[in-house]
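Visitor: Need the 3D shape of this:
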Amino acid sequence: MTIVNLDAVEGRRFPAGRRTKHIVGGLSPIQSCHYALGFVTLDADGGQIPWHSQDQQEVYFIVEGTGEMCLGAERATVGAGQAVAIPSGVFHQITNVGPTPLRLLYCYGPAGDAAHWRQELDGTLPRAGVEAPPLPDGARAQRA
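Guide: Reported below is the predicted structural model:
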């Protein structure tokens, strides 16, 4: 039996103000070819998963906190207990708009690394409105 203790997973810190921990996939001892699952903590007041798209379908489930979710041309406030379906190929971003950390689970499939992780770490993430579609009107700016 393989068990992952989330408290024991260091995860990876990203420039846009978040820590991502793999539960299934990545460096986790639990692997699947069908999906990846992880836990993300966005820093208070602006931590972000920046504007990006990917080939996989994805779901964000908000565990704690309040965020601004941008999906294509749409923008909405999301909070604990809510899930957002993200179709493949659609640009999206979530920004913590609250004074405490925002915690979420992500699940995407099929499994594999999401290109935006490496792009963000390398400083090559496409910029909203330049190499990528613009953010929805009124959205918080892309951090990375």
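
Visitor: Could you check the pLDDT of Ala115?
Guide: pLDDT, Ala115: 86.

Visitor: is it true that it touches Gln54?
Guide: Yes. With contacts defined as Cβ atoms under 8 Å, Ala115 counts as touching Gln54 at a distance of 6.5 Å. For glycine as for every other residue, the C-beta is placed from the backbone atoms N, C-alpha and C.

Visitor: any residues touching stretch 57-68, and which ones?
Guide: For stretch 57-68, the external contacting residues (Cβ atoms under 8 Å, 6 or more residues apart in numbering) are 39, 42, 69, 75-88, 92, 94-98, 100-109, 139-140.

Visitor: same thing with stretch 129-144?
Guide: 14-17, 46, 48, 50-53, 68, 70, 72-75, 91, 93, 95, 97, 120, 123, 125-128.

Visitor: likewise stretch 5-18?
Guide: For stretch 5-18, the external contacting residues (Cβ under 8 Å, 6+ apart) are 19-23, 28, 39-43, 46-50, 96, 117, 120-121, 123, 143-144.

Visitor: Please spell out the ChimeraX selection for the buried subset of those.
Guide: Restricted to buried positions by 16 or more other Cβ atoms under 10 Å, the ChimeraX selection for the contacts of stretch 5-18 reads:
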select :19,20,21,22,23,28,39,40,41,42,43,47,48,49,50,96,117,120,143,144
